[in-house]
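K.L.:
Okay, predicted coordinates and the sequence, questions at the end:
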Amino acid sequence: MAVPASASARAADGYRPPELTGLADLLDRPTRERPRARALVVGASRRPVSFRDLSALAGDLAARLAATGLRPGDPIGLVAAGTAEFVVALFGAARAGLVAAPLDPALPAPELAARLDALGVPAVLLGPSADGGPPLAPLRVPAWPLRVEVSPAGTAALVADLAAAPRQAGGAAHELTSGDALVLHTSGTAARARMVPLTQANVTASVRGICATYRLGPGDATVAVMPFFHGHGLFASLLASLAGGGGVLLPAGGRFSARTFWDDMRAASATWFTAVPSLHEVLLERAEFGHPAPQGPPLRFVRSSSAPLNPATQRALERAFGAPLLSAYGMTESTHQATSEPLPQDGVLKHGSAGRPTGVAVRVVDREGRPCPAGVQGEVWLSGPTVARGYLADPVETARGFSGGWLRTGDLGSLDEDGHLRLTGRITTVIRRGTEKISPEHVEDVLAGCPGVAEAAVFALPDAVYGQRVGAALVVRDPECAGADEVLRHCRERLAPFEVPERLVFVAALPYTAKGGLDRRAVAARFAR
């Protein structure tokens, strides 16, 4: 079954998504129409930076970058936490015609160096690490430090040292084109991270699609919860907000803090935010004293993406925050968002689904690539203007993952009669117990619904007879309410016998990636022995 792309604009109330052609002109319209409006709110002192000042800072950096001898189409590394320096570096590089490659400053030094070498960047724009952490180990390419100084009055200035000469671009840089805007890395939890080139057209389609889905405009503001070196935080929080003319608060230290989150939301007059399920769980646990709904910010909606959200958690979040919780689905190769639940006024919310297409076509196919009927599980394929052309320097994986204009996501799911997508797991994580195939995500949903269970991770145990058995690692709020007997009783009432975990491991915390998703490789390494 295939579902075509939904409309990219909402005509019911006259809303139209912003006009842009890519990163270089994304700030133009809000700067022209609302130059003094807050684009960013930065640092522990929460000082505002206007669209006019942000645009001027980006222009200043673009001129300095052009003077280094870098040419349009060259890649440039961007290593910074979610701070004003990241934002200025991103737009400055775009205006200079460079292809920005954001990277996690917390990566181990060898991994960071390997990614920079593989892409062949001539230089790196270097901002502060999260929470003012230790400086990076010396890089093998020139590092150009940036600092954005914002006065109490809100005026901003750029301090940048671009004296070191850039090296010649190498590695995969020769595969980039003048139409490219970004290179993002996949999360790399199941295999090595891959380099995904995203064009200006990809960026434009993604930003407009996100804005249209949620009707983002000048009256909106958010707090940046997710990091900017992955698509979730970069496209949904930062770029879509700014393109719509709204504001983004960048938390102190450039990273999410549950302790200050609701104060940040109030300071930003935030109307929405987006996060991964694990962070929603953290906020839900603190909701009683962190966000009493009647006194909290008047949220239009809350968004969840990057991992499936348990329906019970979704309903609990809606009660706690007093706003609809909208699940979305996407991946780096689709320039983040591919589907989303709609705003309540725009359609039916189906808890447990990832919504309908938002600017792409979605197809669910069987092993032979034939469309599956409604309700039948298969692999999710995507096609449309947000889908990347492939991977850099990896023709084998490109051929495997991209075929005939379709992105083969590796995700399992089904489409219902109304075109809503339900995700059921990853092809590579399916547990095979004899002739039975078990979705870890399905078992995790059941475990998460057990009273007292805060988090669950399901993994395969090796078995000489059946090949694999089911194991689960659990984080519990109250061991007296969620002991092994209670958990197994809950599972036996809701799962097939072969799906019930045969080993339970109670742990203080589960491993997560920097993107916020469950790190299944680390789970298996720690608990599947």
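P.N.:
Structure's in. What do you need?

K.L.:
give me phi/psi at residue 373?
P.N.:
Residue 373 adopts backbone torsions of phi -60, psi 160, taken as degrees, to the nearest 10.

K.L.:
Low-confidence bits of the stretch 151-300 of the chain, can you list those?
P.N.:
In the prediction, the stretch 151-300 of the chain carries residues with pLDDT under 70 at positions 188-191, 288-297.

K.L.:
how about the strands of it, start to end?
P.N.:
Under the criterion DSSP state E, counting those that start in this stretch, strands of the stretch 151-300 of the chain are mapped to 156-160, 180-185, 195-199, 221-223, 247-250, 272-275.

K.L.:
Quick one, which of these gets closest to residue 464.
P.N.:
strand 180-185 (37.9 Å; C-beta to C-beta). Bear in mind the C-beta positions are built from the backbone N, C-alpha and C, glycine included.

K.L.:
which outside residues touch that closest one?
P.N.:
By C-beta atoms under 8 Å, 6 or more residues apart in numbering, the list of residues contacting strand 180-185 from outside reads 22-23, 73, 75, 94, 99-103, 115, 119, 176, 193-200, 202-203, 229-231, 234, 332, 392.

K.L.:
buried residues in stretch 370-383?
P.N.:
Using 16 or more other C-beta atoms under 10 Å as the burial criterion, the residues of stretch 370-383 that qualify are 372, 377-383.

K.L.:
for stretch 172-185, same thing?
P.N.:
Buried residues in stretch 172-185 (16+ other C-beta under 10 Å): 172-173, 175-176, 180-185.

K.L.:
Confidence-wise, which helix or strand of the chain is lowest on average?
P.N.:
None of the helices or strands of the chain scores lower by mean pLDDT, DSSP states H and E than helix 277-290, at a mean of 80.

K.L.:
starting at the chain centroid, how far to that helix?
P.N.:
Computed by C-alpha atoms, centre = their mean, to the nearest Å, the chain-centroid distance of helix 277-290 equals 19 Å.

K.L.:
just stretch 488-496 next, same as before
P.N.:
On C-alpha atoms, centre = their mean, the centre of stretch 488-496 falls 33 Å from the chain's centre.

K.L.:
what mean pLDDT would you report for that stretch?
P.N.:
Averaged over stretch 488-496, pLDDT sits at 92.

K.L.:
Name the residues that touch it?
P.N.:
Contact with stretch 488-496 is made by 436, 443, 446-447, 449-451, 499-501, 504, as judged by C-beta under 8 Å, 6+ apart.

K.L.:
Between the two ends of it, what distance do you get?
P.N.:
12 Å (C-alpha to C-alpha, to the nearest Å).

K.L.:
List the buried residues of it.
P.N.:
488, 490-491, 495.

K.L.:
Redo the residues you listed as JSON lines? Include distance to residue 478 and secondary structure.
P.N.:
Output for the buried residues of stretch 488-496, formatted as JSON lines (distance: C-beta to C-beta, whole Å; DSSP: H, G, I helix; E, B strand; the rest coil):
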{"residue": "488", "distance to residue 478": "17", "secondary structure": "helix"}
{"residue": "490", "distance to residue 478": "14", "secondary structure": "helix"}
{"residue": "491", "distance to residue 478": "18", "secondary structure": "helix"}
{"residue": "495", "distance to residue 478": "22", "secondary structure": "coil"}
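
K.L.:
quick check, nearest of those residues to residue 34?
P.N.:
Each of the buried residues of stretch 488-496 was checked against residue 34 using C-beta to C-beta; the closest is residue 490, at 52.3 Å.

K.L.:
Distance check, that closest one against residue 320.
P.N.:
23 Å (C-beta to C-beta, to the nearest Å).

K.L.:
what does residue 527 give?
P.N.:
When distance is defined by C-beta to C-beta, residue 527 is 30 Å away from residue 320.

K.L.:
rewinding a little: and which of the contacts of stretch 488-496 is nearest to residue 217?
P.N.:
Nearest to residue 217 among these: residue 449, at 36.9 Å, using C-beta to C-beta.

K.L.:
So for that closest one, what's the nearest residue that isn't a sequence neighbour?
P.N.:
Residue nearest to residue 449 in three dimensions, not counting chain neighbours: residue 312, with 5.0 Å by C-beta to C-beta, 6 or more residues apart in numbering.

K.L.:
Now do the contacts for the most centrally placed residue in the chain.
P.N.:
Centre of the chain computed as the mean C-alpha position; nearest residue by C-alpha atoms, centre = their mean is residue 232, 2.1 Å away. Residues in contact with residue 232 (C-beta under 8 Å, 6+ apart) are 226, 274, 276, 305-306, 330, 336, 515-516.

K.L.:
Understood, closing this out.
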